[in-house]
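S.K.: I'd like to go over a predicted model; first the sequence, then the structure.
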Amino acid sequence: MPTFFEALSYEFLRNAVIAGVLAAVLCGIIGTFVVVKKLAFISDGISHAAFGGMGVCFFLGVDPLLGAIPVALACALALGAVDRETIRSYDALIGVLWAVGMAVGVVFVYKTPGYAPNLMTYLFGNILLVSRHDLMVILILAASVLTILFVFFKGIVAVAFDEVFARVQGVRVRFLMSLLLSMIALSVVILIQVVGIILVVALLTIPSVASLMLWKDLRSVLLGSVLIGVGITLGGLVLSFYYDLPSGPAIILLGAVLLVGVYGVKKMPGRRLATKRLKHPSY
Amino acid sequence: MSDKSETPLVEVRHVTFGYGREMVLDHVDLEIQPRDFLAIIGPNGGGKTTLLKVMLGLLRPWSGEVVFNLPSGSDPRGKLGYVPQFSTFDKDFPLRVADMVLMGRLGKRGFLRSWSREDRAAAGQALERLSLRDIARAHVSEISGGQLQRVLIARALVAGPEILFLDEPTASIDAESRETLRDLLQDLNRTIPIVVVTHDVTSIATLVRRIACINRRLFYHGDPELSQEVMEEVYGCPVELVSHGVPHRVLHRH
């Protein structure tokens, strides 16, 4: 049996590694904002709604991304524009988007004449099937998202940290929030290609949650989150290669193990007591 | 008072506002003078914080308007210093004290350009003024309530505001920090007007020049010498029944 490095001479594995690393870098950065701003459920909702767009594209016989991107962006903008006080239950609205998106997707896939793509592929993805064309699309989209984030970084951080104060300062909060949601939506759509809908949120959250436990300033958290994401992606691919595991779940399970480990270290009894005593010197 | 001849910096004119169908502010008129130290008091749910949010432009009134006559003009954007309550932002956000203070320059700098030397110098001065130099590199989640309060004030001051608004500044800090806060506000009030929304004016009572009592309507606006009748009308109950920490006990001359 060849080693993982020898196997890298196969294009499909090389593509998987490159796609995985790109996805991890993107996720690490976007995911940090998703976690600090508590947008995980929104991201999940957008990814499922995007499936509706994909279904329509199957039916029409065009590239699924052509449907997924506009639908994901439309959902992001709608969620950013809706007035939370009027809608009463923001969570429920996301739930509705989620369900409707999936229903539209399933109906159109069912009605697609001839070969119908396997739904499981889109729910769970297959990083080993990433083509050279997919890779180019992922690269361009990832580069655009990261560039936009970089340009608007200060404003997005201010809005994520303290929306009200930002508004008092005259910062265009609605615009920046919609921009952030759009970037999340684009990233989610890119990631559907790589790890599938079900695992998108896991890859967006696991590295950032672990990183937030380990570091306390934004730059370190972002860097840590990228490194953890790249680490579990490569690690998951290696594991799936040697033990014949499905690659997406292997990446996520490795991440889950890491998360539990970080949590365990942070919650070790000795450390906890020490901090408590410091915080309440009088007791 | 001599203030009365001056043009008010801020005029709240017949402001009416509510959430949903419930009216929270009913035709409120209020003025903020150039050297004011205004305490907005009233019972919980009486609309104090709502009035503050209307003045800050965070809420649009159903009717009425807020007019600014600041020294630099009538557009208040980026000129209002705001010290929110602790509950309005995420204390666990991964951010250092110095970076948080720097964020107060965002309105001046715009979010597209990177921080200039001027921004960093201003942040340095604000940290110095509030004795935060030693914890400038600490994380926001690690510092005490009193320190966090000073960080919030530093962030509000770093852009050189022409008026400073504080929402319940004494609520989450200990007695010693309250004293520091009082000295600080006294010092700041030499140059800019200060507006404090509070249900407890005890610790800043000596600084207050005028008070406004809000309970849906504006019940009183003027010198901090309250009559028993006004207080009873505002709070809707006999003064004796109101528990400790209520402003009129402190302000009323016995």
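M.R.: Yep, that arrived.
S.K.: low pLDDT regions in the chain?
M.R.: Using chain A. When residues are selected by pLDDT under 70, those of chain A lie in A:83-88, A:115-120, A:124, A:193, A:195, A:198, A:270-283.
S.K.: if you could check chain B rather than the one you did, that'd help
M.R.: In chain B, residues with pLDDT under 70: B:1-6, B:224-254.
S.K.: Which strand residues bridge the residue most central in space within it?
M.R.: Nearest to the geometric centre of chain B sits residue B:166, at 2.0 Å (Cα atoms, centre = their mean). For residue B:166, the beta-bridge partners are residue B:83, residue B:196 (DSSP bridges).
S.K.: Now the phi/psi pair for the residue nearest the centre of chain A, please.
M.R.: Closest residue to the average C-alpha location of chain A: residue A:204 at 3.4 Å, with Cα atoms, centre = their mean. Main-chain torsions, residue A:204, degrees, to the nearest 10: phi -70, psi -30.
S.K.: just the one 4 residues further on next, same as before
M.R.: Dihedral angles phi and psi of residue A:208 (degrees, to the nearest 10) take the values phi -70, psi -40.
S.K.: Which helix or strand contains the nearest residue to the residue nearest to the centre of chain A once chain neighbours are set aside?
M.R.: In this structure, residue A:204 finds its nearest non-sequential neighbour in residue A:31, 4.0 Å apart by Cβ to Cβ, 6 or more residues apart in numbering or on different chains. (Glycine included, C-beta is placed from N, CA and C.) According to DSSP states H and E, residue A:31 maps onto helix A:11-36.
S.K.: Show me what counts as buried in that helix.
M.R.: Neighbour counts over helix A:11-36 (16 or more other Cβ atoms under 10 Å in any protein chain shown) mark A:13, A:15-17, A:19-36 as buried.
S.K.: What number of residues are in the vicinity of the closest residue to residue A:107 other than its chain neighbours?
M.R.: Take residue A:107 and drop its neighbours on the chain: the residue closest to it by Cβ to Cβ, 6+ apart is residue A:55, 6.9 Å away. Using other Cβ atoms under 10 Å in any protein chain shown, residue A:55 has 29 neighbouring residues.
S.K.: unless I'm mixing things up, residue A:55 is touching residue A:106, no?
M.R.: Yes: if you go by Cβ atoms under 8 Å, residue A:55 and residue A:106 touch, sitting 6.7 Å apart.
S.K.: got a list of contacts for the strand or helix carrying residue A:165?
M.R.: Under DSSP H and E, the secondary-structure element containing residue A:165 is helix A:163-168. Defining contact as Cβ atoms under 8 Å, 6 or more residues apart in numbering or on different chains, one finds that helix A:163-168 is touched by A:155, A:158-159, A:173, A:176-177, B:56-58, B:80, B:82, B:84, B:88-89, B:103, B:106-107, B:155.
S.K.: The same query, at a cut-off of 7 Å, please.
M.R.: A:158, A:159, A:173, B:56, B:58, B:80, B:82, B:84, B:88, B:89, B:106 (Cβ atoms under 7 Å, 6 or more residues apart in numbering or on different chains).
S.K.: cool, stretch B:178-187 as well?
M.R.: B:146, B:149, B:153, B:169, B:170, B:173, B:194, B:203, B:204, B:207.
S.K.: who wins for most neighbours among the residues you listed?
M.R.: Neighbour-wise, the contacts of stretch B:178-187 (other Cβ under 10 Å) top out at residue B:169, 27 neighbours.
S.K.: Next up, the contacts around it.
M.R.: Counted by Cβ under 7 Å, 6+ apart, residue B:169 has contacts B:83, B:149, B:181, B:196.
S.K.: Nearest to chain A among those?
M.R.: residue B:83 (9.2 Å; Cβ to the nearest Cβ).
S.K.: tally of neighbours for the residue nearest to residue A:39 when sequence neighbours are not counted?
M.R.: Among residues not flanking residue A:39 along the chain, residue A:184 sits closest, at 6.5 Å (Cβ to Cβ, 6+ apart). Look at residue A:184: counted by other Cβ under 10 Å, it has 26 neighbours.
S.K.: so residue A:184 touches residue A:43, yeah?
M.R.: Yes: here residue A:184 reaches residue A:43: they are 5.4 Å apart, a contact under Cβ atoms under 7 Å.
S.K.: Can you pull the residues that touch both of the two?
M.R.: Contacts common to residue A:184 and residue A:43, judged by Cβ under 7 Å, 6+ apart, are residue A:34.
S.K.: Return the residues in contact with residue 18.
M.R.: Since you didn't name a chain, this refers to chain A. Contacts of residue A:18 by Cβ under 7 Å, 6+ apart are residue A:135.
S.K.: my bad, chain B
M.R.: B:24, B:62.
S.K.: Break chain B down into its domains, please.
M.R.: Here the domain parsing of chain B from automatic domain parsing is B:1-79+B:163-254, B:90-161.
S.K.: Pull up the distance across the last one, start to finish.
M.R.: Put plainly, it is domain B:90-161. Taking Cα to Cα, to the nearest Å, domain B:90-161 runs 24 Å from one end to the other.
S.K.: do stretch A:51-70 as well
M.R.: Distance across stretch A:51-70, first residue to last, is 11 Å (Cα to Cα).
S.K.: Tell me the buried residues in that stretch?
M.R.: Those would be A:51-59, A:64-65, A:67-69, for stretch A:51-70 by 16+ other Cβ under 10 Å.
S.K.: Would you reformat these as a markdown table and include distance to residue B:32 and secondary structure?
M.R.: Below are the buried residues of stretch A:51-70 laid out as a markdown table (distance: Cβ to Cβ, whole Å; DSSP: H, G, I helix; E, B strand; the rest coil):
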| residue | distance to residue B:32 | secondary structure |
| --- | --- | --- |
| A:51 | 54 | helix |
| A:52 | 52 | helix |
| A:53 | 52 | helix |
| A:54 | 56 | helix |
| A:55 | 58 | helix |
| A:56 | 57 | helix |
| A:57 | 58 | helix |
| A:58 | 62 | helix |
| A:59 | 62 | helix |
| A:64 | 58 | helix |
| A:65 | 55 | helix |
| A:67 | 54 | helix |
| A:68 | 52 | helix |
| A:69 | 50 | helix |
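S.K.: which of those lies closest to chain B?
M.R.: residue A:69 (25.3 Å).
S.K.: tell me the contacts of that closest one?
M.R.: By Cβ under 7 Å, 6+ apart, the neighbours of residue A:69 are A:186, A:189.
S.K.: Next, find the distance separating residue B:23 from residue A:207.
M.R.: Computed as Cβ to Cβ, to the nearest Å, the residue B:23 to residue A:207 distance reads 48 Å.
S.K.: So for the two, which sits in the more crowded spot?
M.R.: residue A:207 (31 against 15).
S.K.: Hmm, residue A:160 and residue B:90 touching each other?
M.R.: No: using Cβ under 7 Å, residue B:90 is not in contact with residue A:160, being 8.1 Å away.
S.K.: Now do the contacts for the residue nearest to the centre of chain A.
M.R.: Contacts of residue A:204 by Cβ under 7 Å, 6+ apart are A:27, A:30, A:31, A:34, A:43.
S.K.: Which stretches in the stretch 101-250 of chain B count as strands?
M.R.: Ranges of strands in the stretch 101-250 of chain B, per DSSP state E, counting those that start in this stretch, are B:163-167, B:194-197, B:210-215, B:217-222.
S.K.: cool, the stretch 101-250 of chain A as well?
M.R.: Under DSSP E, counting those that start in this stretch, the stretch 101-250 of chain A gives no strands.
S.K.: Quick check: residues of it near chain B?
M.R.: Residues of the stretch 101-250 of chain A lying close to chain B (Cβ under 7 Å from any Cβ of the partner chain) are A:151-152, A:154-155, A:158, A:161-162, A:164-171, A:212, A:215-218, A:221.
S.K.: Now which of the residues you listed would you call buried?
M.R.: A:152, A:154-155, A:158, A:161-162, A:164-171, A:212, A:215-216, A:218, A:221.
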